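just coords:
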């Protein structure tokens, strides 16, 4: 492919380069979890085996962010059938849940984050079971072994995880079960200390032998049920027994010759796609990376996308989510006109449709080209802060995502999935797009030059999946996630960054409580931040960068010419990318 005619844009200088290998690759937010995934690949496992081993291990080594008392979503690329599927392992509310019944217990306005009423039935175990049964090779028990060993024998706590754990000491100290499980010495472990989690180790051992039904239909589930009901919930074993993970069709949008896939609602991946479609109408490359113009347009697009996603995203089993309409040319053109290139919008309302905290992300690719993009979460740090009996299972608080307004699509109802923040993603070449990345990412002096064969709004014909994923990626951090996806994609496609640079580059974050306001990481040039404030952006100081205010991500690039894998791991986390 010929060199671009315009001068190259500045490329953010990450302090480390992508990790490159020829066969499999795993990227996760903690090194021991990444190694657990790589060990699965070396044992002959698939990308699904590696992803599950890494994710379950993360529930031990990064326990505030994820665990078997939470949920998961995954995008799964099967190289043999050449098909991408979305796995929804998010849990439902119990059958007793309703706005009226919560009101009788004094819960109105919002569901408290540490209330037992914020707990939905954990879906993660059914998610792992479904993923392994369809695409695994090593079996269920093998996926649990690294996590059990780490919980039982102990592991040294990494620096940023230790900082997050310490911040959550008061939450864990509030109940004896949580303190016993996750403050084993009476306080949070410090960086470098060896921690053992015997209660969680026992549960992992039982699950590895007895399978997911030990939770959904057996003694573990009964222990969880007794715990939450003693604190005001009204669960039955039928609530657990009916929990199933579901396969769904991913949603997508094309962006400058590439196709970005996201998990469908009840997740917020739609917000990332709306924002990308809005930005396709502006020449970010000419504006330059981290420029006032580029950041202005990106933050304005994100505000609009959030307004539309939050108005419509809900459990599609209860409410029709108008994905096609929200991504249509007509609607995007209408919303794009709301972006003033010189002035920030103080408030943003949802558009008119045309008629008609804490999370882990990981990704794995095996030697055959199968890929899994997986995100796994308890929502807030240690979820609800409630740990069921002696199980060592921190229970999520995803139910706090429901709205207690019966007119809202995301209104609380029995056996319903709440709005979810967690979203995995993959980037493909758009069908019919000419050209591809110019050479390997790591070739000296050669950036990734994207194809520019399609004008904004062009329809790209052809098979949906093309030649398979180019990049499998995700960004953690609650409402930061679609914003992170937007910034990673534009870093890759518009600004020629490799996967490590795209993850490490300074970020913005639109903050919606009382806003929208916007934060910028300290590495964004101060003169740019001042210029954005002069355009009317309500700029506020960044939150503590050590605890996920701007998220943290992982990515694997699959070279379309020679099949090499290049992995990146966000420097905001303790993780790493590993290859074979």
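Great, that's in hand. Remember, predicted model here, so these are calculated numbers, not experimental data.

Residue 209: neighbour count?
For residue 209, the count of nearby residues is 11 (other CB atoms under 10 Å). From N, CA and C alone the C-beta is placed, and that goes for glycine too.

Repeat that for residue 169.
Residue 169 has 15 nearby residues by other CB under 10 Å.

Please identify the helix or strand for residue 496.
Using DSSP states H and E, residue 496 maps to neither a helix nor a strand.

Report the separation between it and residue 301.
To residue 301, residue 496 is 20 Å away according to CB to CB, to the nearest Å.

ok, which stretches of the stretch 451-580 of the chain are helices?
Ranges of helices within the stretch 451-580 of the chain are 480-493, 499-504, 526-534, based on DSSP state H, counting those that start in this stretch.

How far away from the center of its chain is the first one?
In this view, helix 480-493 has its centroid 12 Å away from the chain centroid, taken as CA atoms, centre = their mean, to the nearest Å.

Same question for stretch 244-261.
Relative to the centre of its chain, stretch 244-261 is centred 14 Å away, using CA atoms, centre = their mean.

in that stretch, what's buried?
The neighbour-count check on stretch 244-261 (16 or more other CB atoms under 10 Å) flags 245, 248, 250-261 as buried.

try stretch 304-321
Of the residues in stretch 304-321, 304-316, 319, 321 count as buried by neighbour count, 16+ other CB under 10 Å.

still on that earlier bit, which of the buried residues of stretch 244-261 sits closest to residue 187?
The closest of the buried residues of stretch 244-261 to residue 187 turns out to be residue 245 (CB to CB; 36.5 Å).

correct me, but the closest one touches residue 122?
No: using CB atoms under 8 Å, residue 245 makes no contact with residue 122, being 11.3 Å away.

counting contacts, what elements does the least confident helix or strand in the chain by mean pLDDT pack onto?
Lowest mean confidence among the helices and strands of the chain (mean pLDDT, DSSP states H and E): strand 358-365, at a mean of 86. Other helices and strands packing on strand 358-365, by 3 or more CB pairs under 8 Å, 6 or more residues apart in numbering; DSSP states H and E, are strand 25-28, helix 31-42, helix 47-61, strand 371-379, strand 469-476, strand 552-558.

of all the ones you listed, which gets the most neighbours per residue?
Per residue and on average, the most neighbours among the helices and strands packed on strand 358-365 fall to strand 25-28, with a mean of 34 (mean count of other CB atoms under 10 Å).

Pop the domain breakdown of the protein in here.
Using automatic domain parsing, the domain parsing of the chain gives 19-64+110-246+370-401, 248-358+421-579.

what stretches of the stretch 1-150 of the chain score poorly on pLDDT?
Residue ranges of the stretch 1-150 of the chain with pLDDT under 70: 1-13.

mind listing the strands for it?
Here the stretch 1-150 of the chain has its strands, by DSSP state E, counting those that start in this stretch, at 19-21, 25-28, 71-78, 83-89.

Quick one: residues contacting residue 521.
506, 507, 508, 542, 545, 550 (CB atoms under 8 Å, 6 or more residues apart in numbering).

quick one: it from residue 487, how far?
Separation of residue 521 from residue 487 (CB to CB): 11 Å.

Please identify every residue contacting each of these two.
Counting by CB under 8 Å, 6+ apart, the residues touching both residue 521 and residue 487 are 507, 508.

got the angle for the longest helix along the chain vs helix 526-534?
Of all the elements of type helix in the chain, the one with the most residues (DSSP state H) is helix 292-312. With axes from the mean of the first three to the mean of the last three CA atoms, to 10 degrees applied, the angle from helix 292-312 to helix 526-534 works out at 50 degrees.

Return the list of helices and strands in contact with helix 292-312.
If you count contacts as 3+ CB pairs under 8 Å, 6+ apart, helix 292-312 packs onto helix 269-279, helix 284-287, helix 323-326, helix 480-493, strand 508-511, helix 526-534.

one more time with 10 Å, if that's ok
helix 269-279, helix 284-287, helix 323-326, helix 329-336, helix 480-493, strand 508-511, strand 517-520, helix 526-534 (3 or more CB pairs under 10 Å, 6 or more residues apart in numbering; DSSP states H and E).

Quick one: distance of that helix to the chain centre.
Using CA atoms, centre = their mean, the mean C-alpha position of helix 292-312 is found 18 Å from that of the whole chain.

quick check: mean pLDDT across that helix?
Confidence over helix 292-312 (mean pLDDT, whole number) is 94.

quick one: that helix to helix 329-336, angle?
Helix 292-312 and helix 329-336 are oriented at 120 degrees to each other (the same axes, to 10 degrees).

returning to that earlier point: can you check which residues contact both of residue 245 and residue 122?
Counting by CB atoms under 10 Å, 6 or more residues apart in numbering, the residues touching both residue 245 and residue 122 are 71, 72, 89, 90, 91.

how about those in JSON lines, adding distance to residue 52 and neighbour count?
As requested, the shared contacts of residue 245 and residue 122 are arranged in JSON lines below (distance: CB to CB, whole Å; neighbours: other CB atoms under 10 Å):
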{"residue": "71", "distance to residue 52": "14", "neighbour count": "30"}
{"residue": "72", "distance to residue 52": "10", "neighbour count": "32"}
{"residue": "89", "distance to residue 52": "11", "neighbour count": "26"}
{"residue": "90", "distance to residue 52": "16", "neighbour count": "30"}
{"residue": "91", "distance to residue 52": "18", "neighbour count": "29"}
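
Residue 277: which of these is nearest?
Of the shared contacts of residue 245 and residue 122, the one sitting nearest to residue 277 (CB to CB) turns out to be residue 90, at 25.2 Å.

That closest one and residue 396: what is the separation?
Distance, residue 90 to residue 396, using CB to CB: 10 Å.

what residues are shared contacts of those two?
Joint contacts of residue 90 and residue 396 (CB under 10 Å, 6+ apart) are 70, 71, 120, 121, 122, 123, 124, 377.

Can you list which of those residues are found in helices?
Using DSSP H, these in helices are residue 124.

what two of the shared contacts of residue 90 and residue 396 have the greatest distance between them?
Every pair of the shared contacts of residue 90 and residue 396 checked by CB to CB; the farthest is 121 and 377, at 14.7 Å.

From residue 250, how far out is the residue nearest to residue 293 when sequence neighbours are not counted?
Spatial nearest neighbour of residue 293, chain neighbours left out: residue 287 (4.1 Å); criterion: CB to CB, 6 or more residues apart in numbering. Distance, residue 287 to residue 250, by CB to CB: 30 Å.
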